[in-house]
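Peer 1: structure of the sequence below:
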Amino acid sequence: QVQLVESGGGLVQAGGSLSLSCLVSGRALSDYYMGWSRQAPGKEREFVAAINWSGSATYYTDAMKGRFTISRDNGKNMVYLQMNSLKPEDTAVYYCAADRSLIRVSDRRPSADYWGQGTQVTVSL
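Peer 2: Purely as a prediction, here's the structure:
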C-alpha cells in the first residue's frame, strides 16, 4: 500500500513558475515508478511526467518537455514537479501517482494503482 499527498498548487500568472511536491509513504517504495498527471475541467486525466526509483530516468509528454522537470528525493520520500513558463492551458488539478509499471504511470491515459488527492494549479493571463 502506498499513500500520496500532494502540495504546492496555487494561482500564478502566465509565464510564472510553481513547484509541486508529493509526500510518499508505504512499503517497498523502491519498487515504484512515480508520476504526475493532470486533469483539466471537462477533460480526461493525462500524463505529465514520470521518474524511476533512482531518478536516473525521466519521462515527459511532449507538451511539457523543456518546461516541466520531475525529480525525487528518496531520503525524504518526496517527488517534485517544477513547472516553468506556465500557460493558461496548464490549469488543472495535478495528481501524484505510483505504480510498479512504468506504462501504467505514463500511459496517455494513466491507470496507476495509487493516486494522491490532487492539487489545483490555476494559471491566469
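Peer 1: any idea how far Leu125 is from the residue nearest in space to the middle of the chain?
Peer 2: The residue lying closest to the centre of the chain (C-alpha atoms, centre = their mean) is Trp36, at 1.9 Å. For Trp36, the distance to Leu125 equals 24 Å [C-beta to C-beta, to the nearest Å]. For the C-beta atoms, the positions are set from N, CA and C on the backbone; glycine is no exception.
Peer 1: quick one: the strands in this protein, in order.
Peer 2: Here the chain has its strands, by DSSP state E, at 2-7, 10-13, 18-26, 33-39, 46-51, 58-60, 68-73, 78-83, 92-99, 114-115, 119-124.
Peer 1: buried ones in the longest one, by neighbour count?
Peer 2: It refers to strand 18-26. Of the residues in strand 18-26, Leu18, Leu20, Ser21, Cys22, Val24 count as buried by neighbour count, 16 or more other C-beta atoms under 10 Å.
Peer 1: now these in CSV, with pLDDT and distance to Asp107?
Peer 2: Shown next, in CSV, are the buried residues of strand 18-26 (pLDDT from 0 to 100; distance: C-beta to C-beta, whole Å):
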residue, pLDDT, distance to Asp107
Leu18, 98, 25
Leu20, 98, 20
Ser21, 98, 23
Cys22, 97, 19
Val24, 95, 20
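Peer 1: would you mind giving those as TSV with distance to Gln1 added?
Peer 2: Formatted as TSV, the buried residues of strand 18-26 follow (distance: C-beta to C-beta, whole Å):
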residue	distance to Gln1
Leu18	29
Leu20	22
Ser21	20
Cys22	16
Val24	12
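Peer 1: which one of the residues you listed is nearest to Gln117?
Peer 2: Cys22 (10.6 Å; C-beta to C-beta).
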